[in-house]
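> Give me coordinates for this.
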Amino acid sequence: MDYKKGERVKHPGKPEWGLGEVLEDSRDDKVRIFFTEIGQKTFSLKHVEPVKIVGKEASHPMLDHLRIIEGGESKYQSLQQSKEMFLQNYPDGFYGQVYLNGERSYKVAAHELALHLLGPEQLGELIGQKDYEEICKRALKVVNATNLIFPNEKMALKDGLKESKNMEVFSENLYQLLYGQSSLEERFMSFAGTLEEIGAAKWTIQSYFLFIIFPEKYIFLKPVVTQLAAEISAFEINYRPDLNWKTYKSVLDFSEYFRSEMKDLKPRDMIDIQSFMWCIGPKK
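Numbers count the residues shown, from 1 in each chain. The predicted model follows:
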């Protein structure tokens, strides 16, 4: 039997390996396949013929975004391995006191502060009054409520908001980003343009306000942490250092993959998912 690149298969004798994707057309009686639970394997078709899978059974969120780095040693670890690593650090999972104290409680407190200072009514009223200086003070206070953004990046934002014209454009676009009616992509890119203007175009700042106001929907993107988590998960996030929608949309897909496949650990929101990403990556 011949196998074509992109076909989905299962090993007939190893169901625990999960769903696989053919990485290149079979040749010389050999086929190379990536399995969700074990990573890459190369088989002699003289000894085993993987079973082709089609239809709904062939769908898998990770394989749909599969990223394979050719050459070098594979760093892949399955989601099950990642969960086991997380539980080594936090044996009681997302609901244990160690996790709450170390990872979650201060982010929830920042979320509550953000709603108090930058909620739709509060921010809308300040926009109506054109009190841009107050909006920027509140935004900086929310930024300083966590250690998620590096100090030099916080300083870049603070410096960028010293001029009154920058205060105005930042305030207006922050309101639109959070509560505007146009598509998220349009609002996202408009805010990115504002950060470029004021010299604070960093992924941490770009993604922070969406995350801290709406942790049930949006993920915080810390480049090194997110790239490492994606690399070991073989998930393509299309990362580029410049602020762009394709990267953020891919990271949203990545975070939703984790949330949908970790129902056993019961993550509440993207605060839990962001903490999980940090925990599973190799530490320097």
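
> Tell me where the chain has helices.
79-89, 97-99, 105-118, 120-128, 132-143, 151-160, 164-179, 184-197, 203-213, 223-232, 245-261, 270-280 (DSSP state H).

> quick one, what contacts the closest residue to E172 other than its chain neighbours?
Closest residue to E172 apart from its sequence neighbours, by C-beta to C-beta, 6 or more residues apart in numbering: I127 at 6.9 Å. The C-beta positions use only the backbone N, C-alpha and C, and glycine is treated the same way. Contacts for I127 (C-beta atoms under 8 Å, 6 or more residues apart in numbering) come out as 135, 171-172, 175.

> For E134, see how far away I127 is.
10 Å (C-beta to C-beta, to the nearest Å).

> Okay, domains of this protein per the record?
Under automatic domain parsing, the residue ranges defining each domain of the chain are 8-60, 73-284.

> Export the ones you listed as JSON lines, with columns for mean pLDDT and distance to R67.
Below are these laid out as JSON lines (pLDDT from 0 to 100; distance: least, C-beta to C-beta, whole Å):
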{"stretch": "domain 8-60", "mean pLDDT": "95", "distance to R67": "10"}
{"stretch": "domain 73-284", "mean pLDDT": "96", "distance to R67": "4"}
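
> Tell me which of the ones you listed is the most buried.
Greatest average neighbour count among those goes to domain 73-284 (a mean of 17), per mean count of other C-beta atoms under 10 Å.

> so how far is that one from its chain's centroid?
Relative to the centre of its chain, domain 73-284 is centred 9 Å away, using C-alpha atoms, centre = their mean, to the nearest Å.

> likewise stretch 17-25?
Remark: stretch 17-25 is offset 24 Å from the chain centroid, using C-alpha atoms, centre = their mean.

> okay, it in PDB with CA atoms only?
C-alpha atoms of stretch 17-25 as PDB (Å, rounded to 0.1, in the frame of the first residue of the first chain):
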ATOM      1  CA  TRP A  17       0.300   5.900  19.800                       C
ATOM      2  CA  GLY A  18      -2.700   7.900  18.700                       C
ATOM      3  CA  LEU A  19      -3.500   9.400  15.400                       C
ATOM      4  CA  GLY A  20      -0.600   9.900  12.900                       C
ATOM      5  CA  GLU A  21       0.100  12.000   9.900                       C
ATOM      6  CA  VAL A  22       2.300  10.800   7.000                       C
ATOM      7  CA  LEU A  23       5.200  13.200   6.700                       C
ATOM      8  CA  GLU A  24       6.300  12.400   3.200                       C
ATOM      9  CA  ASP A  25       5.200  10.000   0.400                       C
END
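
> Can you redo the domains of the chain as JSON lines, where the extra columns are distance to D2?
Shown next, in JSON lines, are the domains of the chain (distance: least, C-beta to C-beta, whole Å):
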{"stretch": "domain 8-60", "distance to D2": "6"}
{"stretch": "domain 73-284", "distance to D2": "25"}
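
> Is F43 in contact with K30, as I believe?
Yes. Taking contacts as C-beta atoms under 8 Å, F43 lies within contact range of K30: 6.7 Å.

> now the residue nearest to D272 when sequence neighbours are not counted: how far from K263?
Of all residues not flanking D272 in the chain, F94 sits nearest, at 4.9 Å (C-beta to C-beta, 6+ apart). Separation of F94 from K263 (C-beta to C-beta) stands at 12 Å.

> Give the residue farthest from the middle of the chain.
Distance from the C-alpha centroid of the chain peaks at K46, with 41.2 Å (C-alpha atoms, centre = their mean).

> Show the backbone phi and psi for it.
Torsion angles at K46 (phi, psi; degrees, to the nearest 10) stand at phi -70, psi -20.

> for it, what are its contacts?
By C-beta under 8 Å, 6+ apart, K46 lies in contact with D29.

> same question, the one 5 residues further on
Listed by C-beta under 8 Å, 6+ apart, the contact partners of V51 are 9-12.

> at 6 Å instead, please
10, 12 (C-beta atoms under 6 Å, 6 or more residues apart in numbering).

> What's opposite it in the beta bridge?
The residues listed as beta-bridge partners of V51 by DSSP bridges are K10.

> Against K5, how distant is it?
From V51 to K5 the distance is 17 Å (C-beta to C-beta).

> same deal with F35?
15 Å.

> Could you do I273 as well?
Applying C-beta to C-beta to I273 and K5 gives a distance of 31 Å.
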